[in-house]
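1. kindly return the folded structure for what I paste below:
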Amino acid sequence: MVSHTEKSERRHTGRMFTTTVKSVCTHCNSGWMSDLEGAAKPTLLPMVRGEITEISPAGQEVLATWTLKTALMCQLMQSKTVQNLPTSHYADLSRDRLPSQQMRVFTAYMPPPQYLNGESPIEYRSIPSEARFTTADGVQHRLWSTVVTLRIGWAVLQLISVGPLGYDYEIALSGFAPYVRQLWPIQETVSWPPLMLRSVGDLDQLSDPLKSPHIAI
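-> Numbering: from 1, shown residues only. All right, here's what the predicted structure looks like:
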């Protein structure tokens with residue numbers, strides 16, 4: 001059984017590259033996190049502008065790590081009563097400076113949508129789900145996942161994190177294959193953009209893959 005936790009969905013809109021998260025220590029903010037921002041910009045900024053670009057394996061690693069870092073920083077700006085990504089992810093990222101093998105990072109392409117209050121330069125969505133099943137020995141298992149989707153200009157970046165450890169997970173966006181490029185785990189150089197997501201409805205569906213019949217996790 002998969003449950004979609006509507007009350008835990010988080011959305012945020014704002015301006016690009018201008019928000020400072022005060023919960024981060026000065027050493028991290030001015031050290032490796034600042035270095036990561038600088039390393040990501042040569043690839044990320046053309047994508048934000050909707051320009052054709054090639055993403056090398058090294059670029060994929062940087063963008064995937066930037067996506068995880070940004071997802072965690074966005075979470076710090078939300079209410080502390082609901083933390084969809086485990087707090088252990090902060091220490092893991094600080095130590096490893098990479099996403100884990102139980103994560104997937106994808107990128108998509110979409111024109112900035114027009115909402116009632118105008119064009120939104122950046123969007124953040126965080127949607128948790130969980131699955132429970134009982135094995136033949138009567139033991140109940142609980143699996144969780146969180147899907148964080150960031151849209152910045154024309155670039156859509158998505159982190160899928162699953163747990164707990166000790167299970168084999170299949171994480172795929174096969175139903176959206178023409179519309180996404182995988183960034184993590186890294187692969188050969190990929191061309192961006194893929195086919196374009198054309199509507200907010202398309203973005204809604206991509207942002208909630210466990211609720212969508214097109215995507216199996």
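2. for this structure, longest helix please?
-> helix 57-76 (DSSP state H).
3. what ranges do the strands span in this protein?
-> Using DSSP state E, the strands of the chain run over residues 2-4, 10-14, 53-55, 103-109, 114-115, 118-119, 122-134, 140-152, 155-163, 181-184, 190-192.
4. tabulate those strands (JSON lines), appending distance to residue 92.
-> All C-beta atoms are positioned from the backbone trio N, CA, C, and that covers glycine. Formatted as JSON lines, the strands of the chain follow (distance: least, C-beta to C-beta, whole Å):
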{"stretch": "strand 2-4", "distance to residue 92": "25"}
{"stretch": "strand 10-14", "distance to residue 92": "20"}
{"stretch": "strand 53-55", "distance to residue 92": "24"}
{"stretch": "strand 103-109", "distance to residue 92": "10"}
{"stretch": "strand 114-115", "distance to residue 92": "35"}
{"stretch": "strand 118-119", "distance to residue 92": "35"}
{"stretch": "strand 122-134", "distance to residue 92": "17"}
{"stretch": "strand 140-152", "distance to residue 92": "14"}
{"stretch": "strand 155-163", "distance to residue 92": "10"}
{"stretch": "strand 181-184", "distance to residue 92": "14"}
{"stretch": "strand 190-192", "distance to residue 92": "26"}
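5. okay, these in CSV with mean neighbour count next?
-> Listed next are these as CSV, based on neighbours: other C-beta atoms under 10 Å:
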stretch, mean neighbour count
strand 2-4, 12
strand 10-14, 14
strand 53-55, 17
strand 103-109, 23
strand 114-115, 10
strand 118-119, 9
strand 122-134, 18
strand 140-152, 19
strand 155-163, 23
strand 181-184, 22
strand 190-192, 16
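6. got those as CSV, with mean pLDDT and distance to residue 40 columns?
-> Output for the strands of the chain, formatted as CSV (pLDDT from 0 to 100; distance: least, C-beta to C-beta, whole Å):
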stretch, mean pLDDT, distance to residue 40
strand 2-4, 35, 31
strand 10-14, 52, 18
strand 53-55, 97, 11
strand 103-109, 97, 12
strand 114-115, 76, 26
strand 118-119, 70, 23
strand 122-134, 89, 15
strand 140-152, 92, 11
strand 155-163, 95, 10
strand 181-184, 97, 11
strand 190-192, 97, 14
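7. out of those, nearest to residue 71?
-> Among the strands of the chain, the nearest to residue 71 by C-beta to C-beta is strand 140-152 (4.0 Å).
8. the closest one vs strand 122-134, what angle?
-> Here the directions of strand 140-152 and strand 122-134 differ by 170 degrees (axes from the mean of the first three to the mean of the last three C-alpha atoms, to 10 degrees).
9. what helices or strands is strand 140-152 leaning on?
-> helix 57-76, strand 122-134, strand 155-163, helix 200-207 (3 or more C-beta pairs under 8 Å, 6 or more residues apart in numbering; DSSP states H and E).
10. export these to CSV and tack on distance to residue 143?
-> Below are these laid out as CSV (distance: least, C-beta to C-beta, whole Å):
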stretch, distance to residue 143
helix 57-76, 20
strand 122-134, 5
strand 155-163, 7
helix 200-207, 20
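11. out of these, nearest to residue 50?
-> strand 155-163 (7.9 Å).
12. wait, doesn't residue 32 sit right on residue 96?
-> No. Judged on C-beta atoms under 8 Å, residue 32 makes no contact with residue 96 at a distance of 11.2 Å.
13. tell me which of those two has more neighbours.
-> The neighbour count for residue 32 versus residue 96, taken as other C-beta atoms under 10 Å, is higher for residue 32 (16 against 11).
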